[in-house]
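Student: Sequence first, then the predicted structure, then my questions.
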Amino acid sequence: MPDVASSRYQVHETAVVEDGAVVGDDTKIWHFAHVRSGCDIGARCSLGKDVFVDAGVRIGSGCKIQNGVSVYAGVTLEDDVFVGPHAVFTNDLRPRAASESWLLVETKVRSGASIGANATIVCGSEIGSFAMVAAGSVVTHDVACHELVMGNPAAHAGWVCNCGRICSRDDRPPERFECDLHIQA
């Protein structure tokens with residue numbers, strides 16, 4: 001475990017940060033989190049209680065990962081991604097306990113995207129920049145930039161601006177994703 005007193009990031013005494021994990025400046029790793037060797041976490045991130053970050057995972061700067069989230073191998077979170085409590089990422093489309101081999105399927109979450117509490121992201125999906133996945137949704141396909149999806153399976157529900165407010169409920173994206181286009185939710 002790194003020497004926390006001399007590091008430029010904070011690790012709660014109950015958390016485990018394995019040797020070989022790269023953690024950026026000003027990142028905070030809270031109670032009972034586990035950060036595996038070989039992962040790369042950017043600066044100014046917050047990893048809540050019981051967060052697991054697997055080997056090979058890439059997390060950009062400014063990300064906020066809430067309590068109880070496991071970020072498994074094959075997942076990439078770009079800068080400023082929000083992941084709500086107990087959201088789930090998968091990394092195998094055909095999991096079997098007795099299988100000796102499995103195929104890692106990658107998932108990408110682009111900059112500024114938000115994933116709500118208890119959402120499930122099925123591997124192979126790409127969540128576009130500033131997209132928003134509603135709480136409890138099950139994402140089984142790509143989500144476009146600024147798209148709002150909800151439900152099981154997650155379906156198109158509108159478009160959001162950079163701050164996350166709904167700016168259109170149309171099927172087609174608006175010409176601009178600016179806050180002056182807000183409509184009532």
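Tutor: Received, thanks. All of these numbers come straight from a predicted model, not from anything done at the bench. Residues are numbered from 1 along each chain as shown.
Student: In which helix or strand does the residue lying closest to S37 once chain neighbours are set aside reside?
Tutor: Distances taken as C-beta to C-beta, 6 or more residues apart in numbering place G20 nearest to S37, at 3.4 Å, with adjacent residues excluded. Bear in mind the C-beta positions are built from the backbone N, C-alpha and C, glycine included. Under DSSP states H and E, no helix or strand contains G20.
Student: Isn't G20 up against V35?
Tutor: No: the pair G20 and V35 does not pass the contact test of C-beta atoms under 8 Å, sitting 10.0 Å apart.
Student: Compare neighbour counts for the two and give me the winner.
Tutor: V35 (29 against 12; other C-beta atoms under 10 Å).
Student: and the gap between the residue positioned nearest the centre of the chain and E13?
Tutor: Centroid-nearest residue in the chain: V83, 4.5 Å away (criterion: C-alpha atoms, centre = their mean). Relative to E13, V83 is positioned 24 Å away (C-beta to C-beta, to the nearest Å).
Student: Likewise for G24?
Tutor: 20 Å.
Student: didn't V143 look like it was pressed against V149?
Tutor: Yes: here V143 reaches V149: they are 5.3 Å apart, a contact under C-beta under 8 Å.
Student: Show me how this structure divides into domains.
Tutor: 1-71, 74-92+103-185 (automatic domain parsing).
Student: backbone phi and psi for the residue nearest to P174 when sequence neighbours are not counted, please?
Tutor: Counting by C-beta to C-beta, 6+ apart, S168 is the residue found nearest to P174 once chain neighbours are left out, at 4.5 Å. Backbone torsions for S168, taken as degrees, to the nearest 10, come to phi -160, psi 150.
Student: swap in T76?
Tutor: Phi and psi for T76, reported as degrees, to the nearest 10, are phi -120, psi 130.
Student: give me the low-pLDDT residue ranges for the chain?
Tutor: The model of the chain has pLDDT under 70 over residues 1-7, 179-185.
Student: same thing but 80
Tutor: Applying pLDDT under 80 to the chain picks out residues 1-7, 177-185.
Student: about what we covered before: neighbour count for G24 and E13, which is higher?
Tutor: Higher neighbour count among G24 and E13: G24, with 18 against 6, using other C-beta under 10 Å.
Student: Excluding sequence neighbours, find me the nearest residue to that one.
Tutor: G24 sits nearest to A43 (C-beta to C-beta, 6+ apart), 3.4 Å away.
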